[in-house]
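J.: task: produce atomic coordinates for the following.
(chains A and B)
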Amino acid sequence: MTGAETVGGTPTAQTTPVPSPSMEHRYRDLFDRRSVLGAIGVVAVLCFFGFGLAAVDEWVKESSTFDVGTAYEVSETVSFTPAPGWEIDPAGTIPGAVVKATKNGVTLKVLSFTLTPKDTIKSFAKVFRDSDEQTGTYVRVTGLKPFTTTSGLNGVTWDAHGPKDASETWMVVDGKNGKNLAQMSADGPAANWAGVAPELEAMAKSLTVSAAQGSETP
Amino acid sequence: MSAAPETAAPPTPAHPPRGRPTIVDPRSFVFWVLVAVLIYSGIHTYSALTSPVALKVNPAIGWLGLVLWAIYGIALLAFIYYHQLFVRRSPWITLAAVLWGGIVATWFAAKANGAAADIFDHWFALDFNHRWGTAISAATNEESLKLLGVVVLFLLPLAAVRSTLDGWFYGMMVGLGFQLVEDYLYTVQQSTSLGDVGHMFFLRGFLAGAWAHAVYTGIAGAGIGYLVSRRDRSWLARIGVAVGLFAIAWGMHFFWDTPFLNEWAADSAGLSWLVILIKGVPALVILFLVIRWGRNQERKVWTAFVDDTIDRDLVSEAEAKALLDRKGRRAARKSVREAKGRAAGRLQKHLQYAQLRYIQSVSEEGAESAHAVSDASEIRELRAAIAAA
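T.: Next up, the predicted model:
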């Protein structure tokens, strides 16, 4: 029972009237050590779960930077070699699946698995059409063009241009069944595009897919 | 035993009566921390509860979810509340426990789970987080934060929370609050029609609800109660029990959340039912064992207190013995009913509750307190009514 505790198994006996609150003064004093330490302990635990873990998470994300010139592993099977000046965007990066990076307002996304090339180009064209409709202009999406990575993997690429935005996508495709294995896409302001285009091209060519999945040039 | 003679020196109580337990303890910093985090988390939780798109598109989803989960919560709360054997714990402290679970623990756990998921994503393969990371972070963050609510109540002197069963009871209340808010959130986030709301209510309320947060925190809370109250045991034993029960609660939560067995049973409704039972029933069994263990302790303390303190004119030895469990109480009522009729049987039930209240009043406030005197008077009146029946 709540109020009938024992000491060494001996029950307490009590027939006195309700005591004054001062009986518990030691515990009830606001600045009593027990009261303050208890409160600090509770706040500390809440801070750890509410803010500490989030801080660790931020730190982990911030500490994820590209090692220029070294292949970056997007997933267990896909990697690419980043060009200088590109910075990882933690918000859009999912380790093991997607890496997002930015430079001069251009966003780069490399992912290890995505839609089929046809579906991707369809949704991609729609996004651009939607964003450019405000200006009343049209978007030209190019047809698929073949491309080959440095390691000999086959893929397709296409680009799109509007008055404001530009974009290009590279996709490594499995030669046997046509499924895409890795995708790199970049989009950003058309005005900045020319400055990063060669780097994007180089990074696309550096894409590798593990031998088990990749479609090497026969 | 009768009241001690006035000339005799009163025994020194280990825990003198402190008055009715209350959650309002302004001279404790912990109370102010409780108030502050309830306000802080309350604002965020309100925002989270009212922001799902489904609520804006179809407010009826929110209202139906609210009504269903409120009814569910009240029913479960009442069931647990009326299964207290010897004491009726303070409704206000109970409410504080429910609010901690539903507001504080849910909000902080949501933040912690999100961060932990990201960290797991960074450190391990994506599949790890999907399959195991969620289970690890949910069990760790949620169980810790819920248990912290029980610890907060133990840290409040005026709440007078100090027994294994207190830990169990308030643990269940914290867990229930958490469960209800989480269930409501999932319902409104994942429903696009009123049918979905009913489906979610059935899934989360009945398939998963019987062995969910309330059960886990009830188990872990009993450990905290034992740690704090059993000063006749060594520190090592008390810490061992508290850690052990937390580990069991953590393990049960983790086991429930893992994909273990789920994939095996994915294609069969029968197997899915089996998996639910395999994952859920052990937690419920452990909870019952913990309650039984806690009640045995409570029964000993209660009996010793009654023997040494309570006026036998108000609670005789036979009556006290009958009050020890529900079976004894039923038998005593039946005996009165058979001897003096149905009305007397009902009065006997009232008498038993009055005696329990009296013993609690003496324990909390002293034999001469207004509540104890009032309860004693009620006992005498009920006795007279039964005798006259």
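J.: what segments of the chain are strands?
T.: Went with chain A since none was named. Taking DSSP state E, the strands of chain A run over residues A:6-7, A:10-11, A:72-73, A:78-80, A:87-88, A:98-103, A:106-111, A:140-141, A:145-148, A:154-161, A:165-173, A:180-189, A:208-209.
J.: so where is the chain shaky, pLDDT-wise?
T.: Answering for chain A, as no chain was given. Low-confidence segments of chain A (pLDDT under 70): A:1-29, A:62-65, A:68, A:113-142, A:177-178, A:211-218.
J.: let me rephrase: I mean chain B.
T.: B:1-16, B:125-127.
J.: select the longest helix from it.
T.: helix B:269-309 (DSSP state H).
J.: after that helix, which helix or strand is next?
T.: The helix or strand immediately downstream of helix B:269-309 is helix B:317-322, counting by DSSP states H and E.
J.: briefly note if the next helix or strand after that next one comes near chain A.
T.: Later in the chain than helix B:317-322, the nearest helix or strand by DSSP H and E is helix B:326-340. No: Helix B:326-340 is not in contact with chain A by Cβ under 8 Å from any Cβ of the partner chain; minimum separation 16.0 Å. All C-beta atoms are positioned from the backbone trio N, CA, C, and that covers glycine.
J.: mind checking how far the helix or strand that helix B:326-340 is followed by is from the chain centre?
T.: Remark: after helix B:326-340, the chain's next helix or strand is helix B:342-365, criterion DSSP H and E. Centroid separation for helix B:342-365 versus its chain: 23 Å, with Cα atoms, centre = their mean, to the nearest Å.
J.: quick check: buried residues in helix B:342-365?
T.: By neighbour count on 16 or more other Cβ atoms under 10 Å in any protein chain shown, the buried set for helix B:342-365 is B:344-345, B:347-349, B:351-365.
J.: what is the neighbour count of residue 174?
T.: In the absence of a named chain, this looks at chain A. If you count neighbours by other Cβ atoms under 10 Å in any protein chain shown, A:D174 ends up with 16.
J.: please refer instead to chain B.
T.: B:V174: 34 neighbours (other Cβ under 10 Å).
J.: please see if the helix or strand containing it touches chain A.
T.: Taking DSSP H and E as the definition, B:V174 sits inside helix B:164-190. Yes: interface with chain A: helix B:164-190 contributes B:D166 (Cβ under 8 Å from any Cβ).
J.: toward the C-terminus, what is the element adjacent to that helix?
T.: Next along from helix B:164-190, by DSSP H and E: helix B:194-200.
J.: and that next one, what does it pack onto?
T.: Identification of packing neighbours for helix B:194-200 by 3 or more Cβ pairs under 8 Å, 6 or more residues apart in numbering or on different chains; DSSP states H and E yields helix B:59-81, helix B:164-190.
J.: kindly format the C-alpha coordinates of that helix as PDB.
T.: Taking Å, rounded to 0.1, in the frame of the first residue of the first chain, the C-alpha atoms of helix B:194-200 are listed here in PDB:
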ATOM      1  CA  LEU B 194     -13.500   6.600 -42.200                       C
ATOM      2  CA  GLY B 195     -13.200   2.900 -43.100                       C
ATOM      3  CA  ASP B 196      -9.400   3.200 -42.700                       C
ATOM      4  CA  VAL B 197     -10.000   4.700 -39.200                       C
ATOM      5  CA  GLY B 198     -12.000   1.700 -38.200                       C
ATOM      6  CA  HIS B 199      -9.400  -0.600 -39.600                       C
ATOM      7  CA  MET B 200      -6.500   1.100 -37.800                       C
END
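J.: for it, which positions count as buried?
T.: Of all the residues in helix B:194-200, those buried under the rule 16+ other Cβ under 10 Å are B:196-197, B:200.
J.: now do stretch A:194-204
T.: Buried, per 16+ other Cβ under 10 Å, within stretch A:194-204: A:196, A:199-201, A:203-204.
J.: please apply the same query to stretch B:315-334.
T.: Quick answer for stretch B:315-334 (16+ other Cβ under 10 Å): B:315, B:319-320, B:322-324, B:328-329, B:332-333.
J.: correct me, but B:L158 touches B:S28?
T.: Yes: counting by Cβ atoms under 8 Å, B:L158 touches B:S28, with 7.4 Å between them.
J.: mind giving me the packing neighbours of the helix or strand where B:W92 lies?
T.: According to DSSP H and E, B:W92 maps onto helix B:91-99. For helix B:91-99, the packing partners by 3+ Cβ pairs under 8 Å, 6+ apart come out as helix B:59-81, helix B:143-155, helix B:164-190.
J.: now do 7 Å
T.: When contacts are defined as 3 or more Cβ pairs under 7 Å, 6 or more residues apart in numbering or on different chains; DSSP states H and E, helix B:91-99 packs onto helix B:143-155, helix B:164-190.
J.: centre of the chain to the last one, how far?
T.: When you say that, I think you mean helix B:164-190. For helix B:164-190, the distance to the chain centre is 9 Å (Cα atoms, centre = their mean).
J.: buried ones in that helix, by neighbour count?
T.: Within helix B:164-190, the residues that count as buried by 16+ other Cβ under 10 Å are B:164-185, B:187-189.
J.: the inter-axis angle of that helix versus helix B:269-309?
T.: Interaxial angle, helix B:164-190 versus helix B:269-309 (axes from the mean of the first three to the mean of the last three Cα atoms, to 10 degrees): 150 degrees.
J.: angle of helix B:164-190 against helix B:143-155?
T.: Using the same axes, to 10 degrees, helix B:164-190 lies at 140 degrees relative to helix B:143-155.
J.: sorry, back to before: pick out whichever of B:L158 and B:S28 has more residues nearby.
T.: B:S28 (26 against 23).
J.: not counting sequence-adjacent ones, nearest residue to that one?
T.: A:S35 (4.8 Å; Cβ to Cβ, 6 or more residues apart in numbering or on different chains).
J.: gap between B:L277 and B:G270?
T.: Per Cβ to Cβ, to the nearest Å, B:L277 is found 11 Å from B:G270.
J.: typo on my end, A:E76
T.: Taking Cβ to Cβ, one finds A:E76 at 36 Å from B:G270.
J.: equivalent analysis for B:S377, please.
T.: Counting by Cβ to Cβ, the gap from B:S377 to B:G270 is 60 Å.
J.: again, but for B:I43
T.: Taken as Cβ to Cβ, the span from B:I43 to B:G270 is 46 Å.
J.: and these two? Which one has more around it.
T.: More neighbours surround B:I43 than the other of B:I43 and B:G270, with 12 against 8 (other Cβ under 10 Å).
J.: name the helices or strands packed onto the helix or strand harbouring that one?
T.: For B:I43, the host element (DSSP H and E) is helix B:29-50. Here helix B:29-50 touches helix A:33-47, helix B:106-123, helix B:143-155, helix B:164-190, going by 3+ Cβ pairs under 7 Å, 6+ apart.
J.: which parts of it are buried?
T.: Buried-residue list, helix B:29-50, by 16+ other Cβ under 10 Å: B:29-31, B:33-34, B:37-38, B:40-41, B:44-45, B:48-49.
J.: residues contacting the residue nearest to B:A212 when sequence neighbours are not counted?
T.: In space, and not counting its chain neighbours, B:A212 is closest to B:Q179: 5.2 Å by Cβ to Cβ, 6+ apart. Contact analysis of B:Q179 by Cβ atoms under 7 Å, 6 or more residues apart in numbering or on different chains lists B:209, B:212-214.
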